[in-house]
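> have a look at this prediction, sequence included:
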Amino acid sequence: MRVLRLSNEKMYLSISYDISNTKARNRIVKLLESYGFRVQKSVFEVQLNERQFKILKKQLQKILDRAKKQYPEEHNNVDSIKFYVLSKIGEGSLDGRIDGLGSGYEKIYFEEFMII
């Protein structure tokens, strides 16, 4: 069992995806496996700092853009990758704790608390 230790610089995220194209999905899985570990078929848990998080998002967006360009017939506007920031030292509010990529992602705002 892996134990993730939080530091002042790190945040703990749960990342889920719904990708229609098999090649793009496999690339995303391989990339996410290099950052963290799989907890369900389409859910990963990772621990990153802000810089690593931005780099990961750019890499994932590049995969989505490439798949959309190469396989437009398979792209059905529901592909999405969601990022749930579960813990971040010094973070007082939930603002910005849920983020995503892809045309199937829709920003969600919560008025109260969210329990995952």
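Perfect, thanks for sending it. Numbers count the residues shown, from 1 in each chain.
> what about the nearest residue to residue 43 once chain neighbours are set aside, distance to residue 72?
Closest residue in space to residue 43, ignoring its immediate chain neighbours: residue 16 at 4.8 Å, by CB to CB, 6 or more residues apart in numbering. Heads up, the C-betas are built off the backbone N, CA and C, glycines and all. Distance check for residue 16 against residue 72: by CB to CB, to the nearest Å, it reads 24 Å.
> name the element residue 55 belongs to?
helix 50-70 (DSSP states H and E).
> test my guess that the residue nearest to residue 43 contacts residue 41.
No - counting by CB atoms under 8 Å, residue 16 does not reach residue 41; the two are 9.8 Å apart.
> neighbour count for residue 16 and residue 72, which is higher?
residue 16 (16 against 8; other CB atoms under 10 Å).
> so the residue lying closest to residue 67 once chain neighbours are set aside: helix, strand or coil?
Distance criterion CB to CB, 6+ apart; nearest residue to residue 67, sequence neighbours excluded, is residue 24 at 3.5 Å. Under DSSP: H, G, I helix; E, B strand; the rest coil, the three-state class of residue 24 is helix.
> just give me the neighbour total for residue 24.
Residue 24: 23 surrounding residues under other CB under 10 Å.
> gap between it and residue 11?
Counting by CB to CB, the gap from residue 24 to residue 11 is 25 Å.
> what do you get for residue 50?
Residue 50 sits 8 Å away from residue 11, taking CB to CB as the criterion.
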